[in-house]
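*Asks:* Got a predicted structure plus its sequence, pasted below:
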Amino acid sequence: MFRQSYARNQSHHPFRSVGRRNSSHFAPRARDARVEPTRYISKATAVGDAAPEAYIATHQFADFDIAPELKANIVARGYTAPTPIQDQVIPYVLNGRDVVGVANTGTGKTAAFLVPLIDKIMRNRLSKVLVIAPTRELAVQIDDELRLFSRNLHIQSALVIGGASMGNQIWKLKQHPNFLISTPGRLKDFVGQGLIALSDYKTIVLDEVDRMVDIGFITDIRYLISLLPKDRQSLFFSATVSGSVSGIIASFLKDPVTISVKVRETLASVDQDIIRVRSKEEKMSMLQTMLKKQEFSKVLIFGRTKWNVEKLARNLAQNGFLVGSIHGNKSQGQRMRVLADFKQNRLQILVATDVASRGLDINDVSHVINFDEPQSYDDYVHRIGRTGRANKTGTALTFVG
């Protein structure tokens, strides 16, 4: 509907190299080979036709050898049959095995490690679990899930992330929490200040490892792994396994069980197209025209840099749109408030950098718009995965010059 003639324009479309965000915690990453605009075009398959053959779980949650109180909390959350990653991972974690889980975001992997590890804590209250996630938003989401699964079980957690009060986080650590959930940068800072002794943690989860590698945390991860006790249970989750990720697996896990429930990279439930523009002014005009249409009810817009995202959000707000933004220059409180408003439909539009491209569970996103092209096709796949979820069809549109 919005695509202009690709054949007419492709010969004079000079793709430009782009930089990563400017931050001491983010190392630059080389751009993938040129992404042809045709890769951004794909017609969604009808949801009914695209649905894979129903997975028949080997277990029910009631079958797992976990505490009855934990089972009650699982039921209260509306869980009955495990997802494939939960069905296959939970028994191995309960048996103390190291696990490599290869799974896309949205497959239920958070519960796959939280459920057995909560049970582990209930059996031994002196045990400590460390969960490392690539972004603040994902760390907060994991902590929220933990609180729901562990309700009334007297299990404490500490959330150690950037952009939030260090004083409050230090206070939480002094309460000797059972779970420490952290991002690599803030965790490294606290370890360096002697506030956290990694030798105390004999159960470790690395979540979304490929994302950590993408945004430059590989050196920090290797350093943190070197400080962990050798006698430990290690769980590792990643959507892809590149050479760098394989190196981390080799140094992190011992005789792991590998569980792969990876689905198609580009979701069949997402209708994908491009919008060709000749100028910045035309790009902004076309964006605003689209956003005024009724079907653009809940829109996630991705920009390349923190500055671009903030500028775009302010421009849209000045033109009467209900819009918020999240990026690395926002405080954690600001980011969480905006996310909550977007999730609860108090905002029509969320403009974000790639911090929002993975791990976030946001219902009913009608459209993902790449205002700035992603740096790589992998980034594109993760961006558009925010729509077309839960057996619904979504739309992804990418501006190209």
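*Replies:* Looks like it arrived, so ask away. Numbers count the residues shown, from 1 in each chain.

*Asks:* any idea how far Leu397 is from Val277?
*Replies:* For Leu397, the distance to Val277 equals 11 Å [CB to CB, to the nearest Å]. C-beta here means a position set from N, CA and C on the backbone, and glycine is covered the same way.

*Asks:* So between the two, which is more surrounded?
*Replies:* Just comparing Leu397 and Val277: by other CB atoms under 10 Å the higher neighbour count belongs to Leu397, 25 against 18.

*Asks:* Output the helix or strand where that one lies as PDB - backbone C-alpha positions only.
*Replies:* When elements are assigned from DSSP states H and E, Leu397 belongs to strand 394-400. Listed in PDB are the C-alpha atoms of strand 394-400, where the atom choice follows Å, rounded to 0.1, in the frame of the first residue of the first chain:
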ATOM      1  CA  GLY A 394       1.100  -7.500  12.400                       C
ATOM      2  CA  THR A 395       2.600  -5.000   9.900                       C
ATOM      3  CA  ALA A 396       6.300  -3.900   9.600                       C
ATOM      4  CA  LEU A 397       7.200  -0.900   7.400                       C
ATOM      5  CA  THR A 398      10.700   0.200   6.700                       C
ATOM      6  CA  PHE A 399      11.700   3.600   5.300                       C
ATOM      7  CA  VAL A 400      14.400   3.500   2.600                       C
END
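
*Asks:* which other helices and strands contact that strand?
*Replies:* Here strand 394-400 touches strand 270-276, helix 280-291, strand 367-370, helix 377-384, going by 3 or more CB pairs under 8 Å, 6 or more residues apart in numbering; DSSP states H and E.

*Asks:* Direction included, what does that strand pair up with?
*Replies:* strand 270-276 (parallel), strand 367-370 (parallel) (DSSP bridges).

*Asks:* Convert the C-alpha atoms of the shortest one to PDB, please.
*Replies:* As requested, the backbone C-alpha atoms of strand 367-370 are provided in PDB (Å, rounded to 0.1, in the frame of the first residue of the first chain):
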ATOM      1  CA  HIS A 367       2.700  -1.800  13.500                       C
ATOM      2  CA  VAL A 368       6.500  -1.700  13.700                       C
ATOM      3  CA  ILE A 369       8.000   1.200  11.700                       C
ATOM      4  CA  ASN A 370      11.700   1.300  11.000                       C
END
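
*Asks:* Over that strand, what's the mean pLDDT, rounded is fine.
*Replies:* Averaged over strand 367-370, pLDDT sits at 96.

*Asks:* tell me the angle the strand holding Leu397 makes with helix 377-384.
*Replies:* 130 degrees (axes from the mean of the first three to the mean of the last three CA atoms, to 10 degrees).

*Asks:* mind listing the strands for the stretch 201-350 of the chain?
*Replies:* 203-206, 233-238, 257-260, 270-276, 299-302, 323-326, 349-352 (DSSP state E, counting those that start in this stretch).

*Asks:* May I have the strands that pair with the second one, each with its orientation?
*Replies:* Paired neighbours of strand 233-238 in the sheet (DSSP bridges): strand 99-102 (parallel), strand 203-206 (parallel).

*Asks:* Turn those into CSV, including mean pLDDT and distance to Asp273.
*Replies:* Listed next are those as CSV, based on pLDDT from 0 to 100; distance: least, CB to CB, whole Å:
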stretch, mean pLDDT, distance to Asp273
strand 99-102, 95, 29
strand 203-206, 98, 36
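
*Asks:* okay, those in JSON lines with mean neighbour count and distance to Phe252 next?
*Replies:* Output for the strands paired with strand 233-238, formatted as JSON lines (neighbours: other CB atoms under 10 Å; distance: least, CB to CB, whole Å):
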{"stretch": "strand 99-102", "mean neighbour count": "24", "distance to Phe252": "9"}
{"stretch": "strand 203-206", "mean neighbour count": "24", "distance to Phe252": "7"}
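
*Asks:* The ones you listed into JSON lines, with extra columns for distance to Ser269?
*Replies:* As requested, the strands paired with strand 233-238 are exported to JSON lines (distance: least, CB to CB, whole Å):
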{"stretch": "strand 99-102", "distance to Ser269": "21"}
{"stretch": "strand 203-206", "distance to Ser269": "29"}
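
*Asks:* For Gly162, find the nearest of the ones you listed.
*Replies:* Nearest to Gly162, of all the strands paired with strand 233-238, is strand 203-206, at 17.9 Å by CB to CB.

*Asks:* For the closest one, which outside residues touch it?
*Replies:* 113, 117, 120, 127-132, 212, 221, 228, 232-237, 248, 252 (CB atoms under 8 Å, 6 or more residues apart in numbering).

*Asks:* Now the buried members of these.
*Replies:* 113, 117, 120, 127-132, 212, 221, 228, 232-237, 248, 252 (16 or more other CB atoms under 10 Å).

*Asks:* which regions of the stretch 201-350 of the chain sit below the pLDDT cut-off?
*Replies:* By pLDDT under 70, the low-scoring segments of the stretch 201-350 of the chain are 262-267.

*Asks:* For the stretch 51-200 of the chain, just list every one of the strands.
*Replies:* Assigned by DSSP E, counting those that start in this stretch, the stretch 51-200 of the chain shows strands spanning 99-102, 129-132, 157-160, 179-182.

*Asks:* For Asp271, which of those strands is the nearest?
*Replies:* That would be strand 99-102 among these, by CB to CB, at 26.8 Å.

*Asks:* Only C-alpha atoms, please: export that closest one in CSV.
*Replies:* The C-alpha coordinates for strand 99-102 follow below in CSV (Å, rounded to 0.1, in the frame of the first residue of the first chain):
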residue,chain,number,x,y,z
VAL,A,99,21.7,-26.1,29.6
VAL,A,100,22.1,-24.2,26.4
GLY,A,101,18.6,-23.0,25.2
VAL,A,102,18.4,-21.7,21.7
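
*Asks:* quick check, distance from it to the centre of its chain.
*Replies:* Centroid separation for strand 99-102 versus its chain: 16 Å, with CA atoms, centre = their mean, to the nearest Å.
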